[in-house]
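Asks: what's the 3D shape of this:
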Amino acid sequence: MKRRVVVTGVGAVTPVGHGKIDLWQGVLSGKSGIREISSFDTSDLATKVGGEITDFDPRDYFDAKLVRRMDRFAQFALAATDMALADADLVYDPKKPQPEIGVTLGTALGGVAGAEKQHEIYLRKGVRGVDPSLALIVFGGAGTSNIAIRTGFAGPSNANSNSCSSGTIAIGEAFRYIRDGYADAMICGGGEAPLFGLTFSAFAVIRAMTKNANPTSACRPFDAERDGIVMGEGAAILVLEELARAQQREAEIYCEVLGYSCNNDAHHMVQPRPDAQSATRAMQAAMAQAAVRPQDIGYINAHGSSTRLNDKTETLAIKKVFAEHAQNVPISSTKSMHAHSLGASGAIEAAICTQIFKQEMVPPTINLRTPDPECDLDYIPNETRALRVDYILSNSFGFGGINSALVLGRFDK
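Replies: Purely as a prediction, here's the structure:
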């Protein structure tokens, strides 16, 4: 018998705000966390804005030794984990490992940006100048491992690097671990810190990013004037638990995880399939697993990356899945506010979605002023909407043609 899985804790470090309350209030108010990049020189680049986090000091969360041994992406993820565990009131002792609790984390690039900084030092000073911790911080699994070591959660461990779907996949796999009896609870989500010169430039040279120099209007999903993603950074972590365990602890339950699916376009490294066939199948499979019909979905948190091809293709996929109901379901892209933090985006969006059921409000797509005729659905333009929702679909699509979808539901005892 499949076990029920619920969300009992939420933590986040984002350009819009840190912690579930600041993040929620930020997106609800239409706050943009996008600003001019300050962490490196952008003078040679056409793109000069990003979802940069300027108010995060890892020393507020960890001792100096641990800070030195973690890349920024892992620092974000570990700080968000501390918030999520406190929110869930989940007690842990690293000296007493708990094999019934595991960790899954998604990150598209891991410590690549940190390695870039060390490479500059290597060129100047040679091998003796390289940080001895480099080998420990650069790999994508460093975030998962640091979370496990800090908490003593010794259960299933998984780190994935499935581009912009990574955070959603981490949550989906955690859901499966609990549902199928491999764990009783999971710490899951995504972390990313790609805002460094070479890493940032790699996306600029393939013309994936906006050239809009106005930070607050740069990210405009589904708008006719959109011209590319705004890269961001951050992390979000959810605590998932088996229902009976959460109820025994008398934990607050935000919502239930009901369905998850992941597939590949098998088409192109950057361009989505024009017929949206695989994205359509991902949504349909997640909804079938959740046993919900298209007309049951009350809100879609779109991938909505603000690129011409992705927004157009996602619109087509939604139309194929929802048919005549497509015009009735409210949709928004919160990336318009927190930017596109690659592997962390799906987790940040899931964290936002967990708050909708009790708050009965859905966030807007800001900067949607001139609707694209090919993106003609209800994208909740610019203003938050009061809405009671029973089921939410959250989409994440990434480079390499990776499509993932998650279905969350209002918790019903």
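Asks: wait, doesn't Pro371 sit right on Pro221?
Replies: No. Between Pro371 and Pro221 no contact is recorded; they are 11.0 Å apart, counting by Cβ atoms under 8 Å. Where you see a C-beta, it was placed from the backbone N, CA and C, and this is true even at glycine.
Asks: Which of these two has more residues huddled nearby?
Replies: For the pair Pro371 and Pro221, the greater number of neighbours falls to Pro221 (29 against 14), based on other Cβ atoms under 10 Å.
Asks: residues in contact with that one?
Replies: By Cβ atoms under 8 Å, 6 or more residues apart in numbering, the contact set of Pro221 is 302, 304-306, 311, 333, 335-336, 365, 367-368, 379.
Asks: Return the strand or helix carrying Ala135 as CSV; C-alpha atoms alone will do.
Replies: Element membership of Ala135, judged by DSSP states H and E, is helix 134-137. As requested, the backbone C-alpha atoms of helix 134-137 are provided in CSV (Å, rounded to 0.1, in the frame of the first residue of the first chain):
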residue,chain,number,x,y,z
LEU,A,134,38.2,22.6,-3.3
ALA,A,135,37.8,18.9,-3.9
LEU,A,136,35.1,18.8,-1.2
ILE,A,137,33.1,21.8,-2.3
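Asks: Can you list the buried residues in the next helix or strand after that helix?
Replies: On the C-terminal side of helix 134-137, the nearest following helix or strand under DSSP H and E is helix 142-151. Of the residues in helix 142-151, those scored as buried under the neighbour-count criterion (16 or more other Cβ atoms under 10 Å) are 142-148, 150-151.
Asks: okay, these in a markdown table with pLDDT and distance to Arg410 next?
Replies: As requested, the buried residues of helix 142-151 are arranged in a markdown table below (pLDDT from 0 to 100; distance: Cβ to Cβ, whole Å):
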| residue | pLDDT | distance to Arg410 |
| --- | --- | --- |
| Ala142 | 96 | 36 |
| Gly143 | 97 | 30 |
| Thr144 | 98 | 30 |
| Ser145 | 98 | 35 |
| Asn146 | 97 | 34 |
| Ile147 | 98 | 29 |
| Ala148 | 98 | 31 |
| Arg150 | 97 | 32 |
| Thr151 | 98 | 29 |
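Asks: before we move on, the earlier item: are there residues contacting both of Pro371 and Pro221? Which ones?
Replies: Once Cβ under 8 Å, 6+ apart is applied, the residues that Pro371 and Pro221 both contact turn out to be Tyr379.
Asks: Need the phi and psi values for Lys20.
Replies: Backbone geometry at Lys20, expressed as degrees, to the nearest 10, gives phi -60, psi -40.
Asks: how near is it to Leu28?
Replies: As judged by Cβ to Cβ, to the nearest Å, Lys20 and Leu28 stand 12 Å apart.
Asks: between the two, which one's more packed in?
Replies: When Lys20 and Leu28 are compared on other Cβ under 10 Å, the one with more neighbours turns out to be Lys20, at 22 against 18.
Asks: The more buried one contacts Gly11, doesn't it?
Replies: Yes. The pair formed by Lys20 and Gly11 meets the contact definition of Cβ under 8 Å, at 7.0 Å.
Asks: What segments of the stretch 301-413 of the chain are helices?
Replies: Using DSSP state H, counting those that start in this stretch, the helices of the stretch 301-413 of the chain run over 308-322, 335-338, 345-359.
Asks: So which of the ones you listed is nearest Arg4?
Replies: helix 345-359 (15.4 Å; Cβ to Cβ).
Asks: Quick check: buried residues in the closest one?
Replies: For helix 345-359, the buried set under the neighbour-count rule, 16+ other Cβ under 10 Å, comprises 345-357.
Asks: Which stretches in the stretch 51-200 of the chain count as strands?
Replies: Secondary structure of the stretch 51-200 of the chain (DSSP state E, counting those that start in this stretch): strands at 101-106, 157-160, 185-192.
Asks: Throw the helices of the stretch 301-413 of the chain into a markdown table and include distance to Ser161 and mean pLDDT, thanks.
Replies: What follows is the helices of the stretch 301-413 of the chain, written out as a markdown table (distance: least, Cβ to Cβ, whole Å; pLDDT from 0 to 100):
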| stretch | distance to Ser161 | mean pLDDT |
| --- | --- | --- |
| helix 308-322 | 20 | 98 |
| helix 335-338 | 20 | 98 |
| helix 345-359 | 13 | 98 |
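Asks: Now do the shared contacts for Lys20 and Gly11.
Replies: Going by Cβ under 8 Å, 6+ apart, residues that sit against Lys20 and also against Gly11 are 83, 87, 351.
Asks: from what I can see the second one touches Ala12, true?
Replies: No. Taking Cβ under 8 Å as the definition, Asp87 is not a contact partner of Ala12, at 10.1 Å.
Asks: Take the helices of the stretch 301-413 of the chain and write them to TSV, including distance to Ile237.
Replies: Formatted as TSV, the helices of the stretch 301-413 of the chain follow (distance: least, Cβ to Cβ, whole Å):
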stretch	distance to Ile237
helix 308-322	26
helix 335-338	15
helix 345-359	7
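Asks: how about those helices, which one is nearest Val138?
Replies: Ranking those by proximity to Val138 (Cβ to Cβ) places helix 345-359 first, at 21.0 Å.
Asks: tell me how far that closest one is from the chain's mean position?
Replies: For helix 345-359, the distance from its own C-alpha centre to the chain's C-alpha centre is 10 Å (Cα atoms, centre = their mean, to the nearest Å).
Asks: Repeat that for stretch 99-119.
Replies: Stretch 99-119 has its average C-alpha position 14 Å from the chain's average C-alpha position, going by Cα atoms, centre = their mean.
Asks: Which of the residues in it are classified as buried?
Replies: 100-118.
Asks: rewinding a little: now for the strands of the stretch 51-200 of the chain, which one comes closest to Trp24?
Replies: Taking Cβ to Cβ as the measure, the strands of the stretch 51-200 of the chain were each checked against Trp24, and strand 185-192 came out nearest at 15.8 Å.
Asks: Low-confidence stretches in the stretch 151-300 of the chain?
Replies: Low-confidence segments of the stretch 151-300 of the chain, defined by pLDDT under 70, are absent; every residue clears the threshold.
Asks: How about the contacts made by the closest residue to Val67 other than its chain neighbours?
Replies: For Val67, the nearest residue in space outside its immediate sequence neighbours is Pro58; the separation is 4.6 Å by Cβ to Cβ, 6 or more residues apart in numbering. Contacts here follow Cβ under 8 Å, 6+ apart; on that basis Pro58 touches 67, 70, 72, 75, 79.
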